[in-house]
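**Q** need coordinates for the below:
(chains A and B)
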Amino acid sequence: MIAIGLGFGATLEGFRFGFAGPWRAMILRRDPAGIWAQLLAIGIVALFAIPLINTYSGEVNGATAPIGYAMVLGAFVFGAAMQIVLGCGSGTLVNAGSGNLVSLIALPFFAVGSFAGAFNLSWWIGLGAIPVQNLSGLEGALATILALLCVASFLWWKADPQLCRLPKRLIFAALLVAILALFNLVVSGQPWGVVYGLGLWVAKGAFYSGIDLSGSVFWTATGSVERIQASVLTDYTSLTNIGLIVGSFLAAFWRKGLSQPIPRLPMLGWASAAVAGFLMGYAARLAFGCNVGAFFSGISTGSLHGWVWFAVAFMGSYLGIYLRPRLGLEV
Amino acid sequence: MTIALVAIFVILDLIMIAPNPYVAPAAISLGSGELAVGGFCGELPVSVNK
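**A** Numbers count the residues shown, from 1 in each chain, chains lettered A, B, ... in the order given. I've put the predicted structure just below:
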């Protein structure tokens, strides 16, 4: 799993394959290339993952989650916060690994937010949700690919005609990400995720610091207690997260070294990065995942919550792009 | 810096809990016959699952 994480980190950093940046490029410049690459990767995974999950039910699970008020709110806030930090769930790890100081500030708050969001998750779910809805089997895979093609066509229609091309670099990166995501699914039995592992790291710290977790339904659940009390090297999401950070570090070091200049941000900018990092973590737990666990893995394994996440987080991105310069993060 | 922080965290965790090599999941879940039980972002609290 660490090798798969290393592959993710090296691919995302080495080929500049991201999530927050391409959404920003589409909103500001009507450049659809990055999102097309995301949709391509999701489509490739869906073609294999949805039938696999149907055939090997139990051994291999999808990123299923219910659609509810908290999920929608969480997706919106995550979409806004990831544009403020300019790094999504995977992007924050990749950027922090490759020496970006804003992401390095945001990362610990992202982890604390993930822990806190999971701590209160049962209250938020109590606000109301509809049962889990999934697309399954070969029909589900084909329906997902058809829907992805519809989104890609819509982006084509809205895009700047001069920017309607998908560079080979992004096609290759999408292929690699899809292959790694399928390896992740087949080896661990679960789709690629990020946020759970970060929250678990803080929960382990809280547990060993003697902090009482008994007030949380989530962190006192049997599975959570077992994982808190087991080595971090036995948790799949933690392993891929560690690999992601190290892989992006190695890719950045190989390409240009790690001498990134320290951005001259005002105090408001640094504080905003910390607050946005916390909000990303908290919101991602309410939304049952970030751009990886909900959007990428949700859609590619047939969960309808991934589609709702995509639409709402994209709306949230408009707010984040509006707020970013006003919070001192663009100088 | 990030690498150092992660390394410190992993080392501290290893000091607190050493992994048991005799308790390990199948190397590949697919076809193992074992239920996937890892934590994931979409995991629900117990009371909601019931």
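**Q** quick one: is the lengthiest helix in chain B near chain A?
**A** Secondary structure of chain B read by DSSP state H shows that its longest helix is helix B:2-16. Yes - using CB under 8 Å from any CB of the partner chain, helix B:2-16 reaches chain A at B:Thr2, B:Ile3, B:Val6, B:Phe9, B:Val10, B:Asp13, B:Leu14, B:Met16. From N, CA and C alone the C-beta is placed, and that goes for glycine too.
**Q** quick one: buried ones out of those?
**A** B:Thr2, B:Ile3, B:Val6, B:Phe9, B:Val10, B:Asp13 (16 or more other CB atoms under 10 Å in any protein chain shown).
**Q** now the residues you listed in a markdown table, with pLDDT?
**A** Formatted as a markdown table, these follow (pLDDT from 0 to 100):
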| residue | pLDDT |
| --- | --- |
| B:Thr2 | 81 |
| B:Ile3 | 87 |
| B:Val6 | 90 |
| B:Phe9 | 91 |
| B:Val10 | 92 |
| B:Asp13 | 91 |
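**Q** give me the contact list for the longest helix of chain B.
**A** A:96-97, A:99, A:104, A:107, A:201, A:204, A:208, A:231-233, A:242, A:245-246, A:249 (CB atoms under 8 Å, 6 or more residues apart in numbering or on different chains).
**Q** again with stretch A:227-239
**A** By CB under 8 Å, 6+ apart, stretch A:227-239 touches A:1-2, A:5, A:184, A:188, A:190, A:193-194, A:196-197, A:200-201, A:203-204, A:207, A:213, A:219, B:9-10, B:13-14, B:17-19, B:24, B:38-41.
**Q** list only buried entries from those.
**A** Buried among the contacts of stretch A:227-239 by 16+ other CB under 10 Å: A:1-2, A:5, A:184, A:188, A:190, A:193-194, A:196-197, A:200-201, A:203-204, A:207, A:213, A:219, B:9-10, B:13, B:17, B:38-41.
**Q** residues in chain B within reach of chain A, list them.
**A** Taking CB under 8 Å from any CB as the contact definition, chain B meets chain A at B:1-3, B:6, B:9-10, B:13-14, B:16-19, B:24, B:27-48.
**Q** ok and the residue in the stretch 151-300 of chain A nearest chain B?
**A** Residue nearest to chain B within the stretch 151-300 of chain A (CB to the nearest CB): A:Gly189, separated by 2.8 Å.
**Q** go ahead and confirm that residue touches B:Gly33.
**A** No - using CB atoms under 8 Å as the test, A:Gly189 is too far from B:Gly33 to be in contact (11.2 Å).
**Q** between those two, which is the more surrounded one?
**A** More crowded of A:Gly189 and B:Gly33, by other CB atoms under 10 Å in any protein chain shown: A:Gly189, with 26 against 9.
**Q** OK, contacts around the more buried one?
**A** A:Glu59, A:Val60, A:Asn61, B:Ser29, B:Leu30, B:Ser32, B:Glu34, B:Leu35, B:Ala36, B:Val37, B:Gly38.
**Q** hmm, back to that, overlap in contacts of A:Gly189 and B:Gly33?
**A** With CB under 8 Å, 6+ apart as the test, A:Gly189 and B:Gly33 both reach A:Glu59.
**Q** circling back: got a markdown table for the residues of helix B:2-16 next to chain A, with distance to A:Ile321 too?
**A** Below are those laid out as a markdown table (distance: CB to CB, whole Å):
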| residue | distance to A:Ile321 |
| --- | --- |
| B:Thr2 | 26 |
| B:Ile3 | 31 |
| B:Val6 | 30 |
| B:Phe9 | 33 |
| B:Val10 | 36 |
| B:Asp13 | 38 |
| B:Leu14 | 42 |
| B:Met16 | 42 |
